[in-house]
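Chemist: predicted model, plus sequence, below.
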Amino acid sequence: MDNPQRRLRILKEPGAGPIINAPPVIANESHTIDFLCGACGTVLMHAHHNQPLHHLLIHCTECGANNATDA
Ligand SMILES: [Zn+2]
C-alpha cells in the first residue's frame, strides 16, 4: 500500500530557518505522507500532514533545490 504523496514548494532563496539535507529520507513514522522534492520528485521525508514543520527547509541533495515545508 502506497503512502499518499505531496510535493513541497520550492524556495529560490533559503530563509533564516533551519535547513536539513535529504535524502537520506527523513522518516518520523511509518504509514504517513511521502513528501517529495518540488523540483525533481525525490522522496525527502515521511511525516504526518498535521505535524508542525513550519519554517523548516529541506535541501534536496539530489538536485540542490530548497523545499519549504510550510506550503
Ligand atoms: Zn530535488
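Modeler: Arrived safely.
Chemist: got the residues of this structure near the ion?
Modeler: 37, 39-40, 42, 60, 62-63, 65 (C-beta under 5 Å from the ion). C-beta here means a position set from N, CA and C on the backbone, and glycine is covered the same way.
Chemist: and those residues, which are buried?
Modeler: By neighbour count, with 16 or more other C-beta atoms under 10 Å, the residues of the chain next to the ion hold 37, 39, 42, 60, 65 as buried.
Chemist: dump the residues of the chain next to the ion to CSV, plus distance to Lys12 and pLDDT.
Modeler: What follows is the residues of the chain next to the ion, written out as CSV (distance: C-beta to C-beta, whole Å; pLDDT from 0 to 100):
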residue, distance to Lys12, pLDDT
Cys37, 14, 97
Ala39, 11, 97
Cys40, 16, 98
Thr42, 19, 97
Cys60, 14, 97
Glu62, 18, 97
Cys63, 14, 97
Ala65, 9, 96
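Chemist: which helices and strands does the helix or strand bottoming out on mean pLDDT in the chain pack with?
Modeler: Lowest by mean pLDDT, DSSP states H and E among the helices and strands of the chain is strand 26-27, with a mean of 83. Other helices and strands packing on strand 26-27, by 3 or more C-beta pairs under 8 Å, 6 or more residues apart in numbering; DSSP states H and E, are strand 43-47.
Chemist: strand partners of the strand it packs on, parallel vs antiparallel please.
Modeler: strand 26-27 (parallel), strand 33-36 (antiparallel) (DSSP bridges).
Chemist: could the ones you listed go into JSON lines alongside mean neighbour count?
Modeler: Compiled in JSON lines, the strands paired with strand 43-47 are given as follows (neighbours: other C-beta atoms under 10 Å):
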{"stretch": "strand 26-27", "mean neighbour count": "15"}
{"stretch": "strand 33-36", "mean neighbour count": "19"}
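Chemist: now distance to Arg6 too, for the ones you listed, in TSV please.
Modeler: Listed next are those as TSV, based on distance: least, C-beta to C-beta, whole Å:
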stretch	distance to Arg6
strand 26-27	14
strand 33-36	5
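Chemist: looking at those strands, which is closest to Leu11?
Modeler: Proximity to Leu11 (C-beta to C-beta) singles out strand 33-36 among the strands paired with strand 43-47, at 14.4 Å.
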